[in-house]
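Visitor: structure for the following, please:
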Amino acid sequence: MKISIIPDAHCGYGHGTPREGDPFLAFEEAIEKNLDADLILITGDLFDSRIPKQESIAQVAKSLVKVGNVPSATQFIDLLGKDRNHISPSSLRGIPVIAVHGNHDRRSKQMTNPVQVLEKAGLLVHLHCSTIVFEIRGKKIAIHGMSNVPERYAKDVLYNWDPKPVADAINILLLHQSIDPYIYSPLEPPSIKLEDLPGGFDLVIDGHIHWHDTRTLGGSLFLVAGSLSPTSIHKKESEQRKGYHVYNGNTLEFKSIENQRKIYWETLYFNENLKSELERKVSDIISRDTGKLKPIIKIDVKGNLPKGVKRPIFSNIINKYSGKAILKINR
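Guide: Coordinates of the predicted model:
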């Protein structure tokens, strides 16, 4: 079997900047490369905004329509913890797409979030503290999904839901939270630790963190899915390619996408030749980069300025190379 796991896409990110098309390119490529999948799982933050622009919804919908037109061996069996009337029959046509919402596309309980909009349009199935069961060529697959909640409530919500593996099935638990030690921001510390996760699942998938990692956890595989495009860039992201994972019921395989910008992360220290040194560094990176899209170059400038010396201004360098790279300088 082929279960494809598409991580946080953040469609709509960077509107009005050179990067505004990146999330849509990456998501479109991920969908195109998985039109032979049996199931597609989306880990949350499909959109970058709780109220995305109509153009963003339209572009995502255009990609998702394709999976409904593909013949599939996947058969819907059961739905637990969710009213079946909330699911359109067209959501289960072709390759089923199962999604949780993330913190970026989360709205209050009384409001419809953009992932739920796509569910109402018959393009996917949205899970929150609920489970959907399929059969793929004689084998049952149960997807248990908990969408994002504020971190301080996450442990209580997970414990109150208390998901149980479905007997005689491959069981996958899908979350979108910080799970200690995988912490997105120390400003919102997690309430869930790895040891708090329920047992008995074949695979536990977590969105939210933008770099990917895999480990074994008791009898489970644990996947931090990463993201399809960089947004707020972490150093760890400069060390990895972006992409999606494929699960065959036993093992995970990472698949890189082509439509992505290479991230270069450098640290320079203040000296009297800093600007010329920085420019040489940028020029060298650009000459070595072979990507289809302009690279992102992140440079941290550190050190103490001598008394009476003004902070250096790098705007002329940023403007000089704007046609060849997206240059970000922290000083």
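
Visitor: so how far is the first residue of stretch 304-319 from its last?
Guide: In stretch 304-319, first residue to last residue: 25 Å (Cα to Cα, to the nearest Å).

Visitor: what residues does it touch?
Guide: With contacts defined as Cβ atoms under 8 Å, 6 or more residues apart in numbering, stretch 304-319 is touched by Phe270, Leu274, Lys275, Leu278, Glu279, Val282, Val301, Leu327, Ile329, Arg331. All C-beta atoms are positioned from the backbone trio N, CA, C, and that covers glycine.

Visitor: any idea which of those is closest to Glu55?
Guide: Leu327 (27.3 Å; Cβ to Cβ).

Visitor: I'd say that closest one and Lys294 touch.
Guide: No - counting by Cβ atoms under 8 Å, Leu327 does not reach Lys294; the two are 9.6 Å apart.

Visitor: how many neighbours does the closest residue to Ile51 other than its chain neighbours have?
Guide: Spatial nearest neighbour of Ile51, chain neighbours left out: Pro114 (7.5 Å); criterion: Cβ to Cβ, 6 or more residues apart in numbering. The number of residues packed near Pro114 is 23, by other Cβ atoms under 10 Å.

Visitor: now swap in Lys33 and tell me
Guide: Neighbours of Lys33 (other Cβ under 10 Å): 17.

Visitor: in a strand, Ile299, correct?
Guide: Yes - with DSSP: H, G, I helix; E, B strand; the rest coil as the criterion, Ile299 is assigned to a strand.

Visitor: of the contacts of stretch 304-319, which pair is most distant in space?
Guide: Phe270 and Leu327 (17.9 Å).

Visitor: look at these two and report which has more neighbours.
Guide: Higher neighbour count among Phe270 and Leu327: Leu327, with 23 against 15, using other Cβ under 10 Å.

Visitor: contacts only, for that one.
Guide: Applying Cβ under 8 Å, 6+ apart, we find Leu327 in contact with Val282, Ile297, Ile299, Ile317, Ile318, Tyr321.

Visitor: surely the fifth one is within a helix?
Guide: Just to be clear, that refers to Ile318. Yes - counting by three-state DSSP, Ile318 is found in a helix.

Visitor: tell me how many other residues crowd it.
Guide: Neighbours of Ile318 (other Cβ under 10 Å): 16.

Visitor: before we move on, what's the pLDDT of it?
Guide: For Ile318, the model assigns a pLDDT of 92.

Visitor: and it, how far is that from Ile326?
Guide: For Ile318, the distance to Ile326 equals 9 Å [Cβ to Cβ, to the nearest Å].

Visitor: what about Gly199, distance to Val157?
Guide: The value you get for Gly199 to Val157, if Cβ to Cβ is used, is 18 Å.

Visitor: among these two, which residue is more densely surrounded?
Guide: More crowded of Gly199 and Val157, by other Cβ under 10 Å: Val157, with 18 against 10.

Visitor: ok, that one touching Val149?
Guide: Yes - counting by Cβ under 8 Å, a contact exists between Val157 and Val149, whose distance comes to 5.1 Å.

Visitor: and the gap between the closest residue to Leu268 other than its chain neighbours and Ile286?
Guide: Closest residue in space to Leu268, ignoring its immediate chain neighbours: Val301 at 5.3 Å, by Cβ to Cβ, 6+ apart. For Val301, the distance to Ile286 equals 19 Å [Cβ to Cβ].

Visitor: swap in Asp105?
Guide: From Asp105 to Ile286 the distance is 35 Å (Cβ to Cβ).

Visitor: what about those two, which has more around it?
Guide: For Asp105 versus Ile286, neighbours defined as other Cβ under 10 Å are more numerous around Asp105 (30 against 16).

Visitor: now name the helix or strand holding the more buried one.
Guide: Using DSSP states H and E, Asp105 falls within no helix or strand.
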